[in-house]
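A.B. asks: prediction below, plus the sequence it came from.
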Amino acid sequence: MRTVALPDGKHVPVLGQGTWGMGESKSARAREVAALRLGIELGMTLIDTAEMYGDGGSEKVVADAIEGQRNRVFIVTKVYPHNVSRTQLPKVCERSLKRLRVETIDLYLLHWREKTPRIEETVETFEELRSSGKIKRWGVSNFDVDDMEELWSIESGANCTTNQVLYNLENREIEFDLLPWGQKKKLPIMAYSPVGHSGQLLRNAALEKIAKTHNATPAQVALAWVLRQPNVIAIPKASTEAHVRNNAASLKIKLTKEDLTDLDREFPPPKSNKSLPML
């Protein structure tokens, strides 16, 4: 498994596991837990969740999946923006810790930004949680370049560990400025929905053609395309064991220059600054 170095030197796998949509159905729980456990066995030890997913249900699924192997996994969870005030953030952090059944969160992210509270207050509270051992690192999600520059301008803002954003063949907006900004700061990007979110991407004829040449699926090629970028971590969701194995196999795909040219023709890179999309 290839890895990416976080700013503090910790290495995490380039391919992790997303859990959006998990924890919403009791009948699917055993299957979801088994899928995550297989992913861990295959080296996808970074697991991303959020208090929003299934109203905490996703965190509970993750807790079942990592039981007995906490030291093998790197847990990322996210907090609602309306919960990041100085008084509220410690409380919701404790609730996530309880649902995850862990003593500390490896990486705690602000899910997206809202006007209140001020980002300075959120950063200060993240830092307090880090000092107390409740979290090891903190970061952000869905932050555009102007948000990141503002974050970097405040005290302790540069302690941010990652920015989790939408990135796939259909959504290449970050390539114009946000991705280069992160590379300059040596700040890893975490790509969510790396194989698209509507299903339309995977029915693209050009993508299907390239997939056939690699004896792969369109999803595997789309994932390999995201993983071609240095300092990028992909967190695709896989709720079945077969899907997990397919995701893992994408690491073996080496896209050629011709492949990349064909994909650029079909999914042109941005030529101007556009607002950051989010799901």
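C.D. replies: Thanks, I have the structure now. No experiment lies behind these values; they were computed from the predicted model shown. Residues are numbered from 1 along each chain as shown.
A.B. asks: Gly139 bridge partners, please.
C.D. replies: Leu109 (DSSP bridges).
A.B. asks: so who does it touch?
C.D. replies: 107-110, 160-164, 190 (CB atoms under 8 Å, 6 or more residues apart in numbering). Bear in mind the C-beta positions are built from the backbone N, C-alpha and C, glycine included.
A.B. asks: ditto for Lys186
C.D. replies: Counting by CB under 8 Å, 6+ apart, Lys186 has contacts 7, 231.
A.B. asks: equivalent analysis for Gln69, please.
C.D. replies: Per CB under 8 Å, 6+ apart, neighbours of Gln69: Ile40.
A.B. asks: if I look at it, how far off is Glu59?
C.D. replies: Noted for Gln69: a distance of 16 Å to Glu59, by CB to CB, to the nearest Å.
A.B. asks: by contact count, what packs against the lengthiest strand in the chain?
C.D. replies: The strand spanning the most residues in the chain, taking DSSP state E as the definition, is strand 74-79. If contacts are counted by 3 or more CB pairs under 8 Å, 6 or more residues apart in numbering; DSSP states H and E, strand 74-79 sits against strand 46-48, helix 57-66, helix 89-100, strand 107-110.
A.B. asks: only the buried residues of the following helix or strand past the last one, if you could.
C.D. replies: Just to be clear, that refers to strand 107-110. Downstream of strand 107-110, the next assigned helix or strand under DSSP states H and E is helix 119-131. Using 16 or more other CB atoms under 10 Å as the test for burial, helix 119-131 gives 119, 122-127, 129-130.
A.B. asks: now do the longest strand of the chain: distance to the chain's middle.
C.D. replies: The chain centre lies 9 Å from the centre of strand 74-79; the measure is CA atoms, centre = their mean, to the nearest Å.
A.B. asks: CA atoms only: put it into CSV for me.
C.D. replies: Output in CSV follows, covering the C-alpha atoms of strand 74-79 (Å, rounded to 0.1, in the frame of the first residue of the first chain):
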residue,chain,number,x,y,z
PHE,A,74,-6.6,5.6,11.4
ILE,A,75,-10.0,7.1,12.2
VAL,A,76,-11.2,10.3,10.5
THR,A,77,-14.5,11.8,11.6
LYS,A,78,-16.2,15.1,11.0
VAL,A,79,-18.2,17.6,13.0
